[in-house]
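Peer 1: how would this look folded up:
(one chain, ligands or ions: 1)
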Amino acid sequence: MSTTAPVLFCIFGGTGDLSRRKLLPALCRLADEGHLHPRTQVLATGRGELSDDDFRRVVAAALAQTDLPPEAIAAFCDDRLHYQALGQGGVNDFQVLGERLESLENAHDLPSNRVFYLAMPPEAFPPVIEGLGGAGLNQSSGWTRLVVEKPFGRDLASARQLNHLIHRHFKEQQVYRIDHYLGKETVQNLLVFRLSNALIESAWNRDRVGSIQITVSETLGVGSRAGYYDRSGALRDMVQNHLTQLLSLVAMEVPSSFEAEAIRFEKIKVLRNLAPIQCEHVVRGQYTAGEIDGQSMVGYLDEEGVPDGSQTETFLAMRMYVDSWRWQGVPFYLRSGKRMPRKMTQIAVRFRDAPVSFFEKLGCSHDTADVLVITLQPDEGFTLHLDIKVPGTPFRLERIPLSFHYQDRFAAVPEAYQTLLEDVMSGDQTLFVHADEVEESWRVYSPLLESPPQVRPYAAGTWGPPEADRLAIVETELWQGGA
Ligand code: BG6
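Peer 2: Reported below is the predicted structural model:
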C-alpha cells in the first residue's frame with residue numbers, strides 16, 4: 001500500500017550522477033515496493049535537449065546496473081518518468097517548467113503536490129531557488145517542498161546566505177536539507193537503542209561513560225571528484241555534516257516527544273554546548289601512496305585533478321567536549337578518513353572502569369572497562385565487550401563480545417535515500433537538517449576552517465597519521481575489528 005499522497009517529483013540535475021546513482025533507483029524501488037502513490041510522477045530537468053523516450057532509455061540502462069527487477073524498471077520508466085530541458089535557467093525557462101508541471105498534473109490527475117529536489121552542484125542552487133520563487137513555483141494549490149543536497153554552504157557566512165535566500169522564497173516547513181546519514185536505518189536505530197532501552201539510557205552520562213569515539217572510515221580515495229573534494233576536504237565533506245549529526249544524536253538529551261521539532265531542538269542544544277575546539281586536539285592528514293587489500297594506491301597529490309602541493313585534508317581526527325550537565329568532561333573523539341584499511345561507520349562507547357580494580361590483586365592486569373561498539377555500516381549491529389573468567393587456573397579474565405548483527409535477524413536494510421524520499425513525500429522533517437542546525441555546526445568548525453593545523457602524511461591503507469593515535473580511546477582491535 002502506498003503511504004504517500006500523489007506527488008509530482010521534480011529533480012533539478014536529473015541527468016547527473018546523484019540522480020542516476022541514488023535518486024532514480026530509490027524512487028524506482030519505492031514504486032516497486034508499493035510505497036509510491038500509483039499516480040505519482042517524476043520529472044527530471046537538465047541542461048540538454050532530450051525527449052522523454054531518450055531520457056527513459058538512459059535511465060533504464062542505469063537502473064539495469066542495479067538489482068532492481070527488469071519489470072519494475074520498465075514500469076517505472078514507462079509509466080512515471082518524464083524529462084524537461086531547462087535551458088540556461090532564465091525566467092522563461094522557469095515559466096515553461098511551470099507549464100510542463102501543470103500539464104503533467106492535468107494528465108495524471110495530480111493535486112499539485114510538488115517536490116523540487118536540488119541535485120546539482122551547490123553553485124547552481126541560488127539561480128534555481130530564485131527561478132522557482134520568481135515564477136511563483138514556491139507554492140501551489142497543494143503543497144510544495146524543496147529538498148537541498150549537501151554541501152550546504154562552505155562556511156558559516158555562505159550557509160547563512162543560502163538560508164537567507166531560501167527563506168526569501170520558502171518557509172522553513174517547506175525545506176528538507178538532506179544529510180543521507182540520517183536516512184540510514186542504523187542511524188535511526190541509535191535513538192531506539194538509547195531511548196527504548198532503559199538500561200542503556202541510564203548509563204548514558206558522565207557518571208558511567210569515560211569517552212565516546214565516532215569513526216567514519218572509507219577505503220575509497222577521491223576518485224573522479226577531485227575538483228569538488230580539493231575545495232572541501234574531510235572537514236567540509238564528512239565531519240561538519242555526517243559526523244556532527246552522529247555526535248548530536250549520541251549526545252542529545254531525551255526529547256519531549258519523537259516529533260521532528262522536539263528532536264531538532266535537542267540536537268541543536270548539543271551543538272550550542274560544544275566547547276571551542278582546541279587546535280592541539282586536532283590532527284589533519286593527507287594520504288600518500290600505499291596499499292589496501294594488496295592493491296597499490298597512489299597518493300592524494302597524484303590523483304587526477306588534485307592541484308600540486310594541495311594542503312587539503314583527507315583525514316581528520318579531533319577531541320571535543322560537550323559542556324552540558326550530562327557530558328561535562330567526557331571526551332568525544334571524531335575521526336574520518338579516506339583510503340583507510342576498511343570502510344566502517346562506528347560509535348564506540350567506553351564505560352568507566354570499575355571503581356575498585358579488584359582483579360588486579362589476583363594478578364589480572366587486564367583493562368576491565370566495558371566497551372559498547374555500535375556498527376552503523378557495514379555489518380550493522382552492536383557488540384558489548386564484557387569480561388568473563390576463563391575456566392580453570394590460573395585465575396584469568398578474558399574480554400568476550402556479546403553481539404547482535406542485523407543481517408542475522410533481518411533480510412534487507414533499506415537504502416538511506418529510499419527512507420528520506422518517502423519522508424519528504426509524507427511531510428516528515430525528523431530526519432532532515434534545520435536551518436539553525438546547519439549554521440550552528442558551521443559555527444563550531446569556524447576556528448578550524450580559519451586556521452587549520454598543519455596537514456600530516458599517512459600511507460594509504462593505514463589508520464591515519466601516527467599523531468592521531470593519541471586521539472584514539474578504544475584499543476585498536478576493538479574499533480578496527482567491527483561489531
Ligand atoms: C558523501 C561524501 O556525503 O558521503 C563522500 O561526499 C563519501 O565523500 C560519502 O564517500 C560516504 O557515504 P556512505 O553512505 O558511503 O558512508
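Peer 1: just for the chain, where's the confidence low?
Peer 2: Along the chain, segments meeting pLDDT under 70 span 1-3, 363-368, 471-483.
Peer 1: got the contact list for the residue nearest to the spatial centre of the chain?
Peer 2: Nearest to the mean C-alpha position of the chain, counting by CA atoms, centre = their mean, stands Tyr181 at 2.5 Å. Listed by CB atoms under 8 Å, 6 or more residues apart in numbering, the contact partners of Tyr181 are Val187, Asn241, His242, Gln245, Leu246, Thr345, Ala416. The C-beta positions use only the backbone N, C-alpha and C, and glycine is treated the same way.
Peer 1: any idea how far Leu190 is from the fourth one?
Peer 2: Between Gln245 and Leu190 the distance is 10 Å, computed by CB to CB, to the nearest Å.
Peer 1: for the residue nearest to the centre of the chain, which three-state class applies?
Peer 2: Look at Tyr181: counting by DSSP: H, G, I helix; E, B strand; the rest coil, its state is helix.
Peer 1: quick one, helices of the stretch 201-350 of the chain?
Peer 2: Per DSSP state H, counting those that start in this stretch, the stretch 201-350 of the chain carries helices over the ranges 226-234, 244-251, 260-273.
Peer 1: tell me what the strand or helix carrying Leu384 is packed against?
Peer 2: Per DSSP states H and E, Leu384 falls inside strand 381-390. When contacts are defined as 3 or more CB pairs under 8 Å, 6 or more residues apart in numbering; DSSP states H and E, strand 381-390 packs onto strand 371-377, strand 396-405, helix 406-409.
Peer 1: show me what the strand or helix carrying Pro447 is packed against.
Peer 2: In this assignment (DSSP H and E), Pro447 forms part of helix 435-450. Contacts defined by 3+ CB pairs under 8 Å, 6+ apart place helix 435-450 against helix 156-169, strand 175-177, helix 244-251, helix 260-273.
Peer 1: about what we covered before: and the angle from the strand holding Leu384 to strand 371-377?
Peer 2: 150 degrees (axes from the mean of the first three to the mean of the last three CA atoms, to 10 degrees).
Peer 1: what about whichever residue of the stretch 101-250 of the chain sits closest to the ligand, how many residues close to it?
Peer 2: The minimum distance from the stretch 101-250 of the chain to the ligand, using CB to the nearest ligand atom, falls at Asp237 (4.8 Å). For Asp237, the count of nearby residues is 23 (other CB atoms under 10 Å).
Peer 1: and for Phe152?
Peer 2: Using other CB under 10 Å, Phe152 has 25 neighbouring residues.
Peer 1: before we move on, the earlier item: now the helices of the stretch 201-350 of the chain in CSV, with distance to the ligand?
Peer 2: Below are those laid out as CSV (distance: least, CB to the nearest ligand atom, whole Å):
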stretch, distance to the ligand
helix 226-234, 7
helix 244-251, 11
helix 260-273, 18
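Peer 1: how about TSV for these, with distance to Ile212 and mean neighbour count added?
Peer 2: Converted to TSV, those look like this (distance: least, CB to CB, whole Å; neighbours: other CB atoms under 10 Å):
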stretch	distance to Ile212	mean neighbour count
helix 226-234	19	18
helix 244-251	6	23
helix 260-273	12	18
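Peer 1: gap between the one helix or strand Glu99 maps to and the chain center?
Peer 2: Assigning secondary structure by DSSP H and E places Glu99 in helix 91-107. Here the centre of helix 91-107 is set off from its chain's centre by 33 Å, with CA atoms, centre = their mean, to the nearest Å.
Peer 1: quick one: which of the helices and strands packed on helix 435-450 is nearest Arg194?
Peer 2: The minimum distance between Arg194 and the helices and strands packed on helix 435-450 falls on helix 244-251, with 8.0 Å, by CB to CB.
Peer 1: and the angle from the closest one to strand 371-377?
Peer 2: 140 degrees.
Peer 1: helix 244-251 vs helix 435-450, what angle?
Peer 2: Taking the same axes, to 10 degrees, helix 244-251 and helix 435-450 form an angle of 110 degrees between their directions.
Peer 1: by contact count, what packs against helix 244-251?
Peer 2: Where contact means 3+ CB pairs under 8 Å, 6+ apart, helix 244-251 is packed against helix 185-195, strand 209-217, helix 260-273, strand 331-337, strand 344-351, helix 435-450.
Peer 1: buried residues, the longest one. List them.
Peer 2: Counting neighbours by 16 or more other CB atoms under 10 Å, one finds that the buried residues in helix 435-450 are Ala435, Asp436, Glu437, Val438, Glu439, Glu440, Ser441, Trp442, Arg443, Val444, Tyr445, Leu448.
Peer 1: on that earlier part again, can you pull the contacts of the residue of the stretch 101-250 of the chain closest to the ligand?
Peer 2: Pro151, Tyr229.
Peer 1: same question for Leu156.
Peer 2: Shown in contact with Leu156 (CB under 8 Å, 6+ apart): Glu439, Trp442, Arg443, Ser446.
Peer 1: next one: Phe315
Peer 2: Phe315 sits in contact with 234, 283-287, 335-338, 340, 458, 464-465, 468, where contact means CB under 8 Å, 6+ apart.
Peer 1: 6 Å - rerun?
Peer 2: Residues in contact with Phe315 (CB atoms under 6 Å, 6 or more residues apart in numbering) are Ala234, Gly285, Gly337, Gly464.
Peer 1: list the beta-bridge partners for it.
Peer 2: Gly285, Gly337 (DSSP bridges).
Peer 1: again with Phe9
Peer 2: Applying DSSP bridges, one finds that Phe9 bridges with Val42, Val115.
Peer 1: hmm, it is touching Val42, no?
Peer 2: Yes - between Phe9 and Val42 there is a contact at 4.8 Å, judged by CB atoms under 6 Å.
Peer 1: what about Pro457, how many residues nearby?
Peer 2: Look at Pro457: counted by other CB under 10 Å, it has 14 neighbours.
Peer 1: then Ile200?
Peer 2: As a burial measure, Ile200 scores 15 neighbours (other CB under 10 Å).
Peer 1: got it, and Thr430?
Peer 2: Counted with other CB under 10 Å, residues neighbouring Thr430 total 15.
Peer 1: one more: Val175?
Peer 2: Neighbour tally, Val175, other CB under 10 Å: 20.
Peer 1: so who does the residue nearest to Leu156 when sequence neighbours are not counted touch?
Peer 2: Distances taken as CB to CB, 6 or more residues apart in numbering place Trp442 nearest to Leu156, at 4.0 Å, with adjacent residues excluded. Applying CB under 6 Å, 6+ apart to Trp442 gives the contacts Asp155, Leu156, Ala159.
Peer 1: Arg194 now?
Peer 2: For Arg194, the contacting residues are Ile200, Glu201, by CB under 6 Å, 6+ apart.
Peer 1: of Phe9 and Val42, who's got more company?
Peer 2: Val42 (27 against 24).
Peer 1: can you give me the distance of that one to Glu467?
Peer 2: Going from Val42 to Glu467 by CB to CB gives 48 Å.
Peer 1: cool, and Leu36?
Peer 2: Counting by CB to CB - Leu36 and Glu467 are separated by 50 Å.
Peer 1: who in this protein is up against the ligand?
Peer 2: Selection of the chain residues close to the ligand by CB under 6 Å from any ligand atom yields Glu218, Leu220, Asp237.
Peer 1: so what's the residue count around the residue lying closest to the second one once chain neighbours are set aside?
Peer 2: Pointing back at Leu220 there. Leaving aside its sequence neighbours, Leu220 sits nearest to Lys338 (CB to CB, 6+ apart; 6.0 Å). Lys338 is flanked by 23 other residues according to other CB under 10 Å.
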